[in-house]
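> A structural model of the following input is requested.
(one chain, ligands or ions: 1)
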Amino acid sequence: MFERIDYYAGDPILGLMEKYSADNNPNKVNLGIGIYYDESGVLPVLDCVKTAEARIADPIAPRPYLPMAGLPGHRKGCQELLFGKGAQILKDGLVATTATIGGSGALKVGAEFIHQWFPQSKCYVSDPTWGNHIAIFEGSDVEVGKYPYYDKANSSIKFDEMIAFFETLNKHDVILLHPCCHNPTGMDLTQAQWDTVLNVIKAHELIPFMDIAYQGFGEDMDSDAYAIRKAVEMGLPLFVSNSFSKNLSLYGERVGGLSVVCPTADEAERVFGQLNAMVRRIYSSPPSHGGHVVDIVMNDDALHEQWVGEVYAMRDRIKAMRLKLKSVLEAKIPNRNFDYITRQNGMFSFTGLTPEQVERLQSEFGIYMVSNSRMCVAGLNTSNIDSVANAMADVLKD
Ligand code: KET
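Numbering: from 1, shown residues only. Here you go, the predicted structure:
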């Protein structure tokens, strides 16, 4: 009966995590999946989250189903983080937000919405992008294309090519953008470049879909949301998927949100209703535990401030690791340019290693990075950075 079912080749990122876990090399280093580990190589529980958990646990409360759109405080937390506290569009009721099962859930609900209400639209993703972007949109029967983005030879962005490409697209085509900390390249647009992109989007009536999974890991909470807020200022309709997996270190709780910015409050209400309908038919309503953590941390001023500080500490540790990695590699291979390591933002560095070199790092040194050469810099720490840099230098020299 099931013989005709294809084998699943596995996911390039999650599969790597499994392979890493099964490796019994005592010196193994996980630089694959986008997870922040602290200086001791441990996945942190943020202090603000510990306080929120203590409140949730005392007294232990009943667990009813949440509304389809999740907790109101979770939704408000997403909105204020993305659009700014007191933003006029929030006062005017122009944003339809649903809490979602992680950033992935937000993308899925958004993709389903686009499939149903914009059936002619194609979705264009950066070349390269997070692999699951393509899988999620194709899984919702949205045709996916790629726009030029990363110039491998120069470790830079093909900006002019990208703009020229956008100009060829059809009205209401969707452009999936990374507002900060581009995955996998770490190469972000400047604010002036964002302005140009958004002007083209406006002129051609394209639909921007911004996926922000690393807010706070680039520059700061507000600068990382520049593209989102600029699009709002320009009066563009906009989809935003956000994830709290990384910046609240709540990976397994699956917390995120999908927000759709609409021209009028009436349209926002219609969209909100349809988002509810999408959620109902996919998973009914989101899980409550992580939603309560988000609600508490985002809506308590003192905890929110503490949280921002904790995110910036993670950001700063990653930046310090970039500097260290660059300096060790430069010392080892003086004739090669490693500036790209500190020009890139967020958790990832796109190292440009060949698949063979990535494979050698894994089999000879127990160092795991994604085969497209993406390294999660947040997996480096002062104890493993020298051995990682030495191993990289070794495979690069041969
Ligand atoms: N968007 C982007 C850009 C992203 O990198 C991730 C996760 C997500 C959405 C999903 O967020 P979540 O809240 O976990 O559903 N990326 C890392 C983990 C993964 O592949 O699932 C990664 O790229 O390693």
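
> what about Gly41, is that helix, strand or coil?
Three-state assignment for Gly41 (DSSP: H, G, I helix; E, B strand; the rest coil): coil.

> pLDDT wise, what is the closest residue to it other than its chain neighbours at?
Using CB to CB, 6 or more residues apart in numbering and skipping the chain neighbours, the partner closest in space to Gly41 is Asn381 (5.6 Å). (Each C-beta comes from the backbone N, C-alpha and C, glycine too.) With respect to pLDDT, Asn381 scores 97.

> got it, and Asp398?
For Asp398, the predicted pLDDT is 73.

> what's the neighbour count on it?
8 (other CB atoms under 10 Å).

> now do the contacts for the residue nearest to Gly41.
By CB atoms under 8 Å, 6 or more residues apart in numbering, the contact list for Asn381 reads 37-41, 321.

> need the buried ones from those selected in ChimeraX.
Only the buried entries of the contacts of Asn381 go into this ChimeraX selection, using 16 or more other CB atoms under 10 Å:
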select :37,321
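
> farthest pair in the contacts of Asn381?
The most widely separated members of these, counting by CB to CB, are Ser40 and Met321 (13.6 Å).

> Arg229 and Gly84 touch, don't they?
Yes. Using CB atoms under 8 Å, Arg229 is in contact with Gly84, at 6.4 Å.

> find residues that contact each of the two.
Listed as contacting both Arg229 and Gly84 by CB under 8 Å, 6+ apart are Asp222.

> elements contacting the strand or helix carrying Cys78?
Here Cys78 sits within helix 72-83, counting by DSSP states H and E. If you count contacts as 3 or more CB pairs under 8 Å, 6 or more residues apart in numbering; DSSP states H and E, helix 72-83 packs onto helix 88-91, strand 95-101, helix 226-233, strand 238-243, strand 255-261, helix 289-299.

> for this structure, just list every one of the strands.
Counting by DSSP state E, the segments of the chain that form strands are 29-30, 95-101, 123-127, 144-148, 150-151, 156-157, 174-177, 207-212, 238-243, 255-261, 348-350, 367-368, 374-376.

> now the fourth one: buried residues?
When neighbours are counted by 16+ other CB under 10 Å, the buried residues of strand 144-148 are found to be 144, 147-148.

> next: stretch 49-66.
49, 51-52, 56, 66.

> quick check: the farthest pair among those residues?
Greatest spatial distance among the buried residues of stretch 49-66 (CB to CB): Thr51 and Leu66, at 21.7 Å.

> was I right to think Ile35 contacts Tyr214?
No. Ile35 lies out of contact with Tyr214 (CB under 8 Å); the separation is 11.7 Å.

> so what sits against both of these two?
Any residue near both Ile35 and Tyr214 by CB under 8 Å, 6+ apart counts here, and that gives Lys246.

> between these two, which one's more packed in?
Tyr214 (29 against 16).

> check contacts around that one.
Contacts for Tyr214 (CB under 8 Å, 6+ apart) come out as 34, 180-181, 183, 224, 246-247, 346-347.

> state the pLDDT value of it.
As predicted, Tyr214 sits at a pLDDT of 98.

> residues in the stretch 1-150 of the chain within reach of the ligand, list them.
13, 33-34, 102-104, 130, 132 (CB under 6 Å from any ligand atom).

> fine by me, we can end here.
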